[in-house]
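> just a sequence and a predicted model for now, questions to come.
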Amino acid sequence: MTRSEALPSSGVLEEVRRLAGPSAVVLGAARLEGGQHADTWRVDTENPAISVVVRQFPVDDPAPLREQRVLRALDGLGGMAPVLLGGDLNGRWSKYPTSLISWLDGQPDITPTDPRGWARELGRALAAVHTVPTERLAELPSIFDRSGGSQEILGGPLAAEVRSRWSQVVTSPEVLTHCDYWSGNVVWRDGRLTGIVDWSDGSRGPRGFDLGWCRLDLVLLFDEQIADDFLAAYEAATGQAVGEMRLWDTWAVARSDDAVGSWPPNYLPLGRADLDEDELRRRHAQWTARLRERR
């Protein structure tokens, strides 16, 4: 989707006003930065004062249907995930497929003053996602039915190793996977993690999919020690050691080998202008080399 529209359409704004109540007035909309998939705004009303997040997707994109299904399965995740308030997949009041979801009070923060404590909160939050009861996941797709879980996207020096162990990957126990769990998809308030956003790719899959992906992000942002702090907090919260972490790290670098150079727009608006294409590729290559040494 090209980001050509400054505001949601009048039909979307009217639906937000209707959700708020018969006396509500829309005060305005502000675009939310971060991520590259959906156009996202916060729309505020008064009388009553509420905030609703509007997420617009390209026409014929399956992501909004997936997002709405996973939000129903999450059921708010104890306040850690948005609640689905409404949506339009068929052009009733929106030109584009649209989800209306509750606002989670907080902002992304990838420049923390205490990176180790920050990483531990990321680990505990992911543990909460992975303990969602499996009976809620029946309507969700498997990550192996999506491009992100395909062998076809694997590249780089570790791709052959991941393919050789593919049976171990696909037979691992399933959990609810966020599928894009990185530091830009959580929000913070007063130094505390208050929620997890961007659920459009939520699926059933092995816990290692999210774990390896977030650890890769933490290595790109900081270093392996921060990634290890994240993992330790996750294991403490679940009460269970994660076996074969190197396999999940290897899978993450192999499926991102081609794409990592396109990630600067994710980091730039959140304060990491230093992570340009060359720097991201350099850090990715260093992490790949360290994982190869441990084979």
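Right, received. Where do you want to start?

> now do the contacts for the closest residue in space to Gly86 that isn't next to it in sequence.
Spatial nearest neighbour of Gly86, excluding adjacent residues (CB to CB, 6 or more residues apart in numbering): Leu100 at 4.2 Å. In this view, the C-beta of every residue, glycine as well, is placed from N, C-alpha and C. Counting by CB atoms under 8 Å, 6 or more residues apart in numbering, Leu100 makes contact with Val12, Glu15, Val16, Leu19, Val52, Val53, Val54, Arg55, Leu84, Leu85, Gly86, Gly87.

> Three-state assignment for Leu100, please.
What DSSP: H, G, I helix; E, B strand; the rest coil gives for Leu100 is strand.

> distance of it relative to Leu89?
12 Å (CB to CB, to the nearest Å).

> where along the protein do the strands fall?
25-31, 39-46, 51-56, 84-88, 98-102, 174-177, 186-189, 192-196, 203-206 (DSSP state E).

> any idea which of these gets closest to Asp109?
Among these, the nearest to Asp109 by CB to CB is strand 186-189 (4.5 Å).

> what's the closest one packed up against?
Here strand 186-189 is seen to pack against strand 192-196 when contacts are counted using 3 or more CB pairs under 8 Å, 6 or more residues apart in numbering; DSSP states H and E.

> what's in contact with the strand it packs on?
By CB under 8 Å, 6+ apart, the residues outside strand 192-196 that reach it are 77, 79-82, 104-106, 121-122, 124-125, 129, 178, 181, 185-188.

> and that strand, what's buried?
Across strand 192-196, burial judged by 16 or more other CB atoms under 10 Å covers Leu193, Thr194, Gly195, Ile196.

> what's the most distant pair in the residues you listed?
For the buried residues of strand 192-196, with distances taken as CB to CB, the pair at the greatest spread is Thr194 and Ile196 (9.2 Å).

> neighbours around the residue lying closest to Gly11 once chain neighbours are set aside, how many?
Excluding the flanking residues, the one nearest Gly11 by CB to CB, 6+ apart is Trp93, at 3.9 Å. Trp93 has 16 neighbours, counted by other CB atoms under 10 Å.

> distance of Trp93 from Glu14?
7 Å.

> do the same with Trp251
From Trp251 to Glu14 the distance is 45 Å (CB to CB).

> between these two, which has more neighbouring residues?
Trp251 (27 against 13).

> wait, doesn't the more buried one sit right on Arg163?
No - at 10.2 Å, Trp251 does not count as touching Arg163 under the criterion of CB atoms under 8 Å.

> contacting residues around Arg165?
Counting by CB under 8 Å, 6+ apart, Arg165 touches Leu247.

> pLDDT wise, what is it at?
We have a pLDDT of 97 for Arg165.

> looking at it, Pro64 is touching Ser94, isn't it?
No - counting by CB under 8 Å, Pro64 stays clear of Ser94, with 10.0 Å between them.

> Glu139 - how many residues pack around it?
Neighbour number of Glu139 under other CB under 10 Å is 12.

> may I ask which helix or strand of this structure has the lowest mean pLDDT?
helix 63-74 (a mean of 88; mean pLDDT, DSSP states H and E).

> that one: how far from the chain's middle?
13 Å (CA atoms, centre = their mean, to the nearest Å).

> give me the angle between that helix and strand 192-196.
Per axes from the mean of the first three to the mean of the last three CA atoms, to 10 degrees, the angle that helix 63-74 makes with strand 192-196 is 120 degrees.

> which parts of helix 63-74 are buried?
Per 16+ other CB under 10 Å, helix 63-74 contains these buried residues: Ala63, Pro64, Leu65, Arg66, Glu67, Gln68, Arg69, Val70, Leu71, Ala73, Leu74.

> same question for stretch 271-280.
Burial within stretch 271-280, assessed by neighbour count using 16+ other CB under 10 Å, is assigned to Arg272, Leu275, Leu280.

> flag the shaky bits of the protein, pLDDT-wise.
1-5, 33-36 (pLDDT under 70).

> Val16 touches Val54, doesn't it?
Yes - the pair Val16 / Val54 is scored as a contact, 6.9 Å apart, by CB under 8 Å.

> what do these two both touch?
Counting by CB under 8 Å, 6+ apart, the shared contacts of Val16 and Val54 are Pro8, Val43, Leu100.

> closest to Thr238 among those residues?
Distances from Thr238 to those, taken by CB to CB, are shortest for Leu100, at 32.4 Å.

> beta partners for the closest one?
Beta bridges link Leu100 to Val54, Gly86 when assigned by DSSP bridges.
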